[in-house]
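S.K.: below are the sequence and a predicted model for it; my questions follow.
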Amino acid sequence: MVYVIALAGKGGTGKTTLAGFTIDYLVEKKLGPVLAVDADPNSNLNNVLGLDVEFTLGQIREEVRDDEKLPAGMTKADYLNFMVQQAIVEGNGYDLLVMGRPEGLGCYCFVNGVLREVTDKLSDSYSFLVVDNEAGLEHLSRRTTKKVDLMFAVSECSKRGIDAAYRVKTLIEELKLDVKELFLIVNRVPKEGMSEELLEYIKSYNIPFAGFVPLDNGIYEYDNAGIPLLNLPKDNAAVKAYRDILDKILLPRITTKK
């Protein structure tokens, strides 16, 4: 059964970058095939990975709303299944599927239902599913994503960021989402480190703290130069710190699973 890892948090916290690092980590460990899902409407996981995306599930969803556009002899469900297969982008040791923008006006219940069924079947072909979520966890709330084994709530280094990460926890509880474990990661921590006050603030929310990732100019330099962040050297401070977190939190869980 696929092991689902999700990253959530408000925009601008660097969760997409960490999702890319997670995929790279899993591929390097050679623990099984990986499917990456970019579930953020502001899709840019492909840029982190260095992949081009031709079309998204959102575009497929729009296209099949009109039955007249369906190829002759194909049902809507068959065509959706075919198009999802076409939307998969093959990376180096993993595949990528981009959800794209949310729905427009009108009912999408049937299309969403078929997409959920197709993506569920698809993910069963993989050992790991890595989901870069939108801030509001809408895909999870619509059940267009399976249960989650491990979720990282990614925060910036501020009380406001911690507040936003806590809202992820409350949303999971309110919507009764199937998330087995939730950990907090504080990203882009300045060289001075985290203050005692902020650490106490984190404790007050009672979210298990996985660790922090330092602010690193290398990430900005690669981003601004249009270089995929997976090309960062493994001894880059941010990459190394995040991999240490995965060694501590993720690796024991997935190796036990196998």
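M.R.: Sure thing, it's come through. Numbering: from 1, shown residues only.

S.K.: give me the beta-bridge partners of residue 97?
M.R.: residue 37 (DSSP bridges).

S.K.: am I right that it is in contact with residue 38?
M.R.: Yes - using C-beta atoms under 8 Å, residue 97 makes contact with residue 38 at a distance of 7.4 Å. In this view, the C-beta of every residue, glycine as well, is placed from N, C-alpha and C.

S.K.: more neighbours: the two, which one.
M.R.: residue 38 (29 against 23; other C-beta atoms under 10 Å).

S.K.: would you agree the more buried one is in contact with residue 91?
M.R.: No - Residue 38 is not in contact with residue 91 according to C-beta under 8 Å; the separation is 12.0 Å.

S.K.: any idea which helix or strand carries residue 152?
M.R.: Under the criterion of DSSP states H and E, residue 152 resides in strand 148-155.

S.K.: gap between that strand and the chain center?
M.R.: In terms of C-alpha atoms, centre = their mean, to the nearest Å, the centre of strand 148-155 is found 9 Å from the chain centre.

S.K.: now stretch 187-197
M.R.: Per C-alpha atoms, centre = their mean, the centroid offset for stretch 187-197 relative to its chain is 24 Å.

S.K.: show me what that stretch is in contact with.
M.R.: The contact list for stretch 187-197 (C-beta atoms under 8 Å, 6 or more residues apart in numbering) reads 13-15, 18, 154-157, 186, 212-215.

S.K.: identify each buried residue in it, please.
M.R.: The neighbour-count check on stretch 187-197 (16 or more other C-beta atoms under 10 Å) flags 187, 188, 189 as buried.

S.K.: on that earlier part again, for the strand holding residue 152, packing partners?
M.R.: Applying 3 or more C-beta pairs under 8 Å, 6 or more residues apart in numbering; DSSP states H and E, we find strand 148-155 packed against strand 3-8, helix 15-29, helix 159-174, strand 179-189.

S.K.: now do the helices in the stretch 1-150 of the chain.
M.R.: Remark: helices assigned in the stretch 1-150 of the chain by DSSP state H, counting those that start in this stretch are 15-29, 45-49, 57-63, 76-87, 109-123, 138-141.

S.K.: will you turn the ones you listed into a markdown table that also has mean pLDDT?
M.R.: Listed next are the helices of the stretch 1-150 of the chain as a markdown table, based on pLDDT from 0 to 100:
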| stretch | mean pLDDT |
| --- | --- |
| helix 15-29 | 96 |
| helix 45-49 | 95 |
| helix 57-63 | 77 |
| helix 76-87 | 82 |
| helix 109-123 | 67 |
| helix 138-141 | 58 |
